[in-house]
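Participant: what follows is a predicted protein model with its sequence.
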Amino acid sequence: MKTYRFRANPNSQVSFGAVRRALPIAVALASLSIHTLSAQSTNQASVPEQIRKLTEAMARTQAQVEQSQRELNEMREQVAALQRQLAQGGTNTPASPPAQASSSVPEAAPASTGSEIEDIRERQAVHESQIATHEQTKVESESKYPVKLTGLILLNGFVNTRAVDMAATPTLALPGSGSTGAAVRQTVLGVDARGPHLFGAHSYADLRVDFDGTPQNSAVAGMPGYYNTNSNSTLLRLRTAHAVLEWPNTSAYFALDRPILSPDAPASLTAVAVPALAWSGNLWTWNPQVGVTQDIGFAGSRDLRLQAALIDVGDAPLTPATSMLTLTPATTAEQSRWPGVEARVALLGSKVESGGSHFGAGGYFSPHRISPGNNFDAWAGTLDARLALPAHLELTANSYRGLALGGLGGGAFKDFAYTYDAVTGEFYFRPLDDAGGWAELKEKASERLEFNAAFGMDDVFASELRDYAVAGNTVYQNLARNRTYTGNVIYSPSAYLLFSVEYRHLESFPVVGAQADSNIIGIAAGYKF
């Protein structure tokens, strides 16, 4: 898959001599095309028209030359920085031009340095190919701003020792026999775009889709949407989307993504369509949001990050339809006619939160309405942290306590328990208190190999659920607690290939009936582009 605008990569090396020799040739060709255009149009247009065309052609050529020079300068700076890093790491790599540095590797260099240089060579070959085809295969967006296609073609194989809710992406253990199979439905496609500067901010947007969607009328066991059996008859499903205006310390955005009070996610290649530890302590659901982020300088190199957003929370999977007047009834949050709000305050250990330690606290509030006179308010308080530990270890954790959290991915698949009185026709319900969280320990053995171990739990208060439990009812309505233990190894032999082996153990506890558990062994192979 080709990207549509070449951008320098910090880990790449390019032969500057080749680029420098190509620039005069490009200018000569452009000049030749200008003279040809002038000759052809002598008898077809007036002198002012010829001058205008020549001026436009020269401007385009000059712009291309300037752009090439800028990219050349950027790559020169990046390669120089990489050489300094290698020198500081005690390697014997000579401080020679990039073309020479990529042609040999010192025998005494550590194994990790050898793999890094091999990765650089691979990236260099890719970028040289992109440079060669840049002018011949150009696809432009409607806005004329650069657009890049990305993706992960992912094959998953699985063995479930006991029954689960979804064979390829299990989140809940059920009574019954196991299953074995494979799926490619978790393949992800993405689009990244850069936009114009506005009000002093640069703009960008991105979109991610997968193939794990299913028709709403193909529900299984009362669960709509992606809670369905594994097959290749799927729908393209929107996962996440972002549109952002970003200033040096401020950003404003609208997005479809996980809540801001749950910024981290466990690492997994076998749980992509439904993220790892979903419904076991990971508040992951993708909901529409409009928000703002402000970073304030704090002690040393640390920043204090303030975040706030309005959120349209979807219904939990086990929410009864409350209106038949439309094909797609409004959610209980939308029927309240008020948006939900969420906020988070975090202390960042570095300027880039995604790559450093942080500690944060968040809050969430959203009014809901089931029917006239039947209202309730969902709320949550959260804590999250990521800590860098010795020996290349990293600890990430998130915890929450709240009410009616099914719309965020908690609450054992539900916001409230309910029942109908067949005699009086009355509807009774109770929002459910909920507590849970997850923790993951990561060992980054090298740039290509990592080990992850995690545990997550979601726990609805059984004392509140017990009065609404019915023997023989759906497992979701009776579910009080869900736990997941998992461990995986993720190996990347190159910049574009990924392999993983993962083990998961699910434990599901209904308030009425026996506990169910299942062991899941999964393998994954992916190709990034």
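Facilitator: Thanks, I have it.
Participant: CA only for contacts and neighbour counts going forward, please
Facilitator: OK.
Participant: could you chop the chain up by domain?
Facilitator: 16-133, 147-293+388-528 (automatic domain parsing).
Participant: the top strand by length along the chain pairs with which strands, parallel or anti?
Facilitator: In the chain, with assignment by DSSP state E, the single longest strand is strand 147-164. In the sheet, strand 147-164 lines up against strand 173-183 (antiparallel), strand 188-198 (antiparallel), strand 516-528 (antiparallel) (DSSP bridges).
Participant: looking at the domains of the chain, which has the lowest confidence?
Facilitator: Ranked by mean pLDDT, the domains of the chain end with domain 16-133 in last place, scoring a mean of 60.
Participant: so the residue minimising distance to the centre of the chain is in which element?
Facilitator: With distances taken as Cα atoms, centre = their mean, the residue of the chain nearest its centroid is Thr240 (7.2 Å). Taking DSSP states H and E as the criterion, Thr240 maps to strand 235-246.
Participant: same check on Ala59?
Facilitator: Secondary structure from DSSP H and E places Ala59 in helix 47-88.
Participant: how about the helix or strand hosting Ala388: buried residues?
Facilitator: Per DSSP H and E, Ala388 falls inside strand 374-389. Buried residues in strand 374-389, counted by 16 or more other Cα atoms under 10 Å: 375-376, 378-388.
Participant: now do it: distance to the chain's middle.
Facilitator: Taking Cα atoms, centre = their mean, to the nearest Å, the mean C-alpha location of strand 374-389 is offset from the chain mean by 20 Å.
Participant: okay, now the sheet partners of the helix or strand just after it, with direction.
Facilitator: Per DSSP H and E, the first helix or strand lying C-terminal to strand 374-389 is strand 393-403. If you go by DSSP bridges, strand 393-403 pairs up with strand 374-389 (antiparallel), strand 433-444 (antiparallel).
Participant: so can I have CSV of the ones you listed showing distance to Ile490?
Facilitator: Converted to CSV, the strands paired with strand 393-403 look like this (distance: least, Cα to Cα, whole Å):
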stretch, distance to Ile490
strand 374-389, 19
strand 433-444, 10
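Participant: quick one, which of these is nearest to Met457?
Facilitator: When these are compared by Cα to Cα, strand 433-444 sits nearest Met457, at 5.3 Å.
Participant: I'd like the next helix or strand past the closest one.
Facilitator: Heading C-terminal from strand 433-444 (DSSP H and E), you reach strand 449-460.
Participant: tell me which residues of the helix or strand just after that following strand are tucked away?
Facilitator: Note on strand 449-460: by DSSP H and E, the next helix or strand toward the C-terminus is helix 462-465. Applying a neighbour-count criterion of 16+ other Cα under 10 Å, one finds 462, 464-465 buried in helix 462-465.
Participant: try stretch 409-417
Facilitator: 409-417.
Participant: what does stretch 453-473 give?
Facilitator: For stretch 453-473, by 16+ other Cα under 10 Å, it's 453-462, 464-465, 468-469.
Participant: JSON lines for those residues, including distance to Gly300?
Facilitator: Output for these, formatted as JSON lines (distance: Cα to Cα, whole Å):
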{"residue": "Ala453", "distance to Gly300": "32"}
{"residue": "Ala454", "distance to Gly300": "32"}
{"residue": "Phe455", "distance to Gly300": "34"}
{"residue": "Gly456", "distance to Gly300": "34"}
{"residue": "Met457", "distance to Gly300": "36"}
{"residue": "Asp458", "distance to Gly300": "37"}
{"residue": "Asp459", "distance to Gly300": "39"}
{"residue": "Val460", "distance to Gly300": "42"}
{"residue": "Phe461", "distance to Gly300": "43"}
{"residue": "Ala462", "distance to Gly300": "47"}
{"residue": "Glu464", "distance to Gly300": "48"}
{"residue": "Leu465", "distance to Gly300": "49"}
{"residue": "Tyr468", "distance to Gly300": "54"}
{"residue": "Ala469", "distance to Gly300": "54"}
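Participant: which two among the residues you listed are spaced furthest apart?
Facilitator: Ala453 and Tyr468 (35.6 Å).
Participant: count of neighbours near the nearest residue to Arg448 once chain neighbours are set aside?
Facilitator: Using Cα to Cα, 6 or more residues apart in numbering and skipping the chain neighbours, the partner closest in space to Arg448 is Ser492 (4.8 Å). Neighbourhood size, Ser492 [other Cα atoms under 10 Å]: 18.
Participant: OK, contacts around Ser492?
Facilitator: By Cα atoms under 8 Å, 6 or more residues apart in numbering, the residues touching Ser492 are 448-449, 498-499.
Participant: recalculate using a threshold of 10 Å.
Facilitator: Ser492 sits next to 446-450, 498-500, 525-527 when contact means Cα atoms under 10 Å, 6 or more residues apart in numbering.
Participant: now flag whichever of these is closest to Ser280.
Facilitator: So of the contacts of Ser492, ranked by how close each gets to Ser280 (Cα to Cα), first place is Ser500, at 21.4 Å.
Participant: host element of that closest one?
Facilitator: Residue-wise, Ser500 maps onto strand 497-510 under DSSP H and E.
Participant: list the strands paired with that strand, with their directions.
Facilitator: Going by DSSP bridges, the partners of strand 497-510 are strand 479-491 (antiparallel), strand 516-528 (antiparallel).
Participant: between those, which gets nearest to Glu49?
Facilitator: Of the strands paired with strand 497-510, nearest to Glu49 by Cα to Cα is strand 516-528, at 48.7 Å.
Participant: mind listing what's buried in the closest one?
Facilitator: Buried residues in strand 516-528 (16+ other Cα under 10 Å): 516-527.
Participant: for the nearest residue to Val292 once chain neighbours are set aside, what is the enclosing helix or strand?
Facilitator: Take Val292 and drop its neighbours on the chain: the residue closest to it by Cα to Cα, 6+ apart is Ala252, 4.4 Å away. Assessed by DSSP H and E, Ala252 sits inside strand 250-257.
Participant: does Tyr145 touch Pro196 like I think?
Facilitator: Yes: using Cα atoms under 10 Å, Tyr145 makes contact with Pro196 at a distance of 7.7 Å.
Participant: so how far is stretch 342-351 off the chain centroid?
Facilitator: Worked out by Cα atoms, centre = their mean, stretch 342-351 lies 19 Å from the chain centre.
Participant: restricting to C-alpha, output it in CSV.
Facilitator: C-alpha atoms of stretch 342-351 as CSV (Å, rounded to 0.1, in the frame of the first residue of the first chain):
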residue,chain,number,x,y,z
GLU,A,342,-16.5,13.9,31.7
ALA,A,343,-13.3,15.5,33.0
ARG,A,344,-9.8,14.4,33.9
VAL,A,345,-6.8,15.9,35.6
ALA,A,346,-3.4,14.3,35.0
LEU,A,347,0.2,14.9,36.0
LEU,A,348,2.5,13.9,33.1
GLY,A,349,5.9,12.5,33.6
SER,A,350,7.0,13.8,30.1
LYS,A,351,5.8,16.2,27.5
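Participant: for it, buried residues please.
Facilitator: Going by 16+ other Cα under 10 Å, stretch 342-351 has these buried residues: 342-349.
Participant: one more: stretch 429-440?
Facilitator: 429-440.
Participant: turn those residues into JSON lines, columns for distance to Gln78.
Facilitator: Shown next, in JSON lines, are the buried residues of stretch 429-440 (distance: Cα to Cα, whole Å):
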{"residue": "Phe429", "distance to Gln78": "61"}
{"residue": "Arg430", "distance to Gln78": "59"}
{"residue": "Pro431", "distance to Gln78": "55"}
{"residue": "Leu432", "distance to Gln78": "54"}
{"residue": "Asp433", "distance to Gln78": "52"}
{"residue": "Asp434", "distance to Gln78": "49"}
{"residue": "Ala435", "distance to Gln78": "47"}
{"residue": "Gly436", "distance to Gln78": "44"}
{"residue": "Gly437", "distance to Gln78": "41"}
{"residue": "Trp438", "distance to Gln78": "38"}
{"residue": "Ala439", "distance to Gln78": "36"}
{"residue": "Glu440", "distance to Gln78": "33"}
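Participant: what is Asp459 paired to in the beta sheet?
Facilitator: Assigned bridge partners for Asp459, using DSSP bridges, are Ala435, Arg481.
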